[in-house]
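K.L.:
Could you work out the structure for the sequence below:
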Amino acid sequence: MDLSDVKVTTNETGANREVLAFYTEMPFDYRGDAAKHAASIRTTNPIDSYPVLKPLLKPKKSLNPFAQRQRTNVLEVGCGAGWLSNAIAHYYSASVQAIDFNPVAIERAKEISRILGTNVEFDVADLFLYQPETPAEVSISLGVLHHTNDCLGAVRRMFDDFTVPGGHSFIGLYHAYGRKPFLDHFSSLQSKGFSEDALLEEYRNLDSRFKDETHLVSWFRDQVLHPHETQHSLKELLPVMADCGMELKATSINRFQPIDSVEALLAQEIEMEKLARERLDAGAYFPGFFVILAKKT
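P.N.:
This next block holds a predicted model:
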């Protein structure tokens, strides 16, 4: 595909053209065909992994008992092949708009949408330039913003421009502590001269979830061969949240349990490196990823 037609002006935004070229070759979470991906959504609701999202996505009751329930307005930023957006529309009948700067991923997302019969509005767009008609009640970006040249600037866009007052933003990033053992491990293998095929086999040994080879390769490329990523922490995000009028409501760091003490959370996130190293030593995949749910005041 000729990327010259893709409207990403990296001199003016935090978008990264190397990242675009890499994921245009093969998007993340890509399967052998769209039908397989649609079937996986029908059989497994991915929102089950994020219990704090469920009550936010369900249609809201009306004061008028004869009126239909109001659908939740959702915006996903960096939707990739559309697994999450299509699942939200499929399971919760939400009104979903989703953007990604990768036209190949958007094409696949639309194909899955047609198979499932969802009514998601998918668009090719640069998150740093995109202007929604109205902010969303729930803005979502999982595993995307850390692949830009300005992750914290992208987080601010999620809070300031994409989330309505009273709404929620759900963001997932690589963790500064939890990601390190995984990166160190594969960096060590590469420095020893491991070929790409050998690295793939090591990843396959760690992450045994895949039956679809294309799906496995898409994850391996994303996790090991990506051209650019940054890692972050809750401690780093807290000042950004405060500056943007956001209140932390939940995080995967404590498995989405009630937050009694932010200080305890900050101590707990440091332990993520130890946990990641233990998982790696046991031969298990641990991505070093964390999620926050914040509410706009």
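K.L.:
Buried residues in the helix or strand residue 156 falls within, which are they?
P.N.:
Following DSSP states H and E, one finds residue 156 within helix 151-160. Using 16 or more other CB atoms under 10 Å as the test for burial, helix 151-160 gives 151-152, 154-159. For every residue, glycine as well, the C-beta is placed using N, CA and C.
K.L.:
And the closest residue to residue 294 other than its chain neighbours, what's its pLDDT?
P.N.:
Leaving out its chain neighbours, the residue that sits closest to residue 294 by CB to CB, 6 or more residues apart in numbering is residue 246, at 4.0 Å. With respect to pLDDT, residue 246 has a value of 98.
K.L.:
Residue 246: neighbouring residues, count only.
P.N.:
25 (other CB atoms under 10 Å).
K.L.:
Using a markdown table, please lay out the buried residues of helix 151-160 together with distance to residue 274 and pLDDT.
P.N.:
Formatted as a markdown table, the buried residues of helix 151-160 follow (distance: CB to CB, whole Å; pLDDT from 0 to 100):
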| residue | distance to residue 274 | pLDDT |
| --- | --- | --- |
| 151 | 24 | 98 |
| 152 | 26 | 98 |
| 154 | 29 | 98 |
| 155 | 26 | 98 |
| 156 | 31 | 98 |
| 157 | 33 | 98 |
| 158 | 30 | 98 |
| 159 | 31 | 98 |
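K.L.:
tell me how far the helix holding residue 156 is from the chain's mean position?
P.N.:
14 Å (CA atoms, centre = their mean, to the nearest Å).
K.L.:
I'd like the mean pLDDT over stretch 96-104, please.
P.N.:
98.
K.L.:
Could I get the buried residue list for the longest strand seen in the chain?
P.N.:
Among the segments of the chain that qualify as a strand by DSSP state E, the longest is strand 163-174. Burial within strand 163-174, assessed by neighbour count using 16+ other CB under 10 Å, is assigned to 163-164, 167-174.
K.L.:
swap in stretch 219-232?
P.N.:
Buried residues in stretch 219-232 (16+ other CB under 10 Å): 219-225, 229-232.
K.L.:
ok, now stretch 252-262?
P.N.:
252-253, 256.
K.L.:
any chance of these in JSON lines, plus secondary structure, pLDDT and distance to residue 279?
P.N.:
Putting the buried residues of stretch 252-262 into JSON lines (DSSP: H, G, I helix; E, B strand; the rest coil; pLDDT from 0 to 100; distance: CB to CB, whole Å) gives the following:
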{"residue": "252", "secondary structure": "helix", "pLDDT": "98", "distance to residue 279": "15"}
{"residue": "253", "secondary structure": "helix", "pLDDT": "98", "distance to residue 279": "16"}
{"residue": "256", "secondary structure": "coil", "pLDDT": "97", "distance to residue 279": "19"}
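K.L.:
any idea which of these is closest to residue 238?
P.N.:
Proximity of the buried residues of stretch 252-262 to residue 238 (CB to CB) peaks at residue 253, which lies at 12.0 Å.
K.L.:
just checking, the closest one touches residue 293?
P.N.:
No. The criterion here is CB atoms under 8 Å, and residue 253 misses it with residue 293 at 11.5 Å.
K.L.:
Quick check: which ranges of the stretch 51-200 of the chain have low pLDDT?
P.N.:
Within the stretch 51-200 of the chain, the ranges that satisfy pLDDT under 70 run 60-69.
K.L.:
about what we covered before: contacting residues around the helix holding residue 156?
P.N.:
14, 77, 127-128, 139, 141, 144-145, 148, 169, 171, 173, 230, 232, 236-237, 240-241, 243-246, 294, 296 (CB atoms under 8 Å, 6 or more residues apart in numbering).
K.L.:
what's the answer for stretch 228-244, then?
P.N.:
Residues contacting stretch 228-244 (CB under 8 Å, 6+ apart): 16, 18-19, 146-147, 149, 151-152, 155-156, 159-160, 173-177, 179-180, 246-248, 251, 253, 262, 265-266, 269, 288, 290, 292, 294, 296.
K.L.:
how long is that stretch from one end to the other?
P.N.:
26 Å (CA to CA, to the nearest Å).
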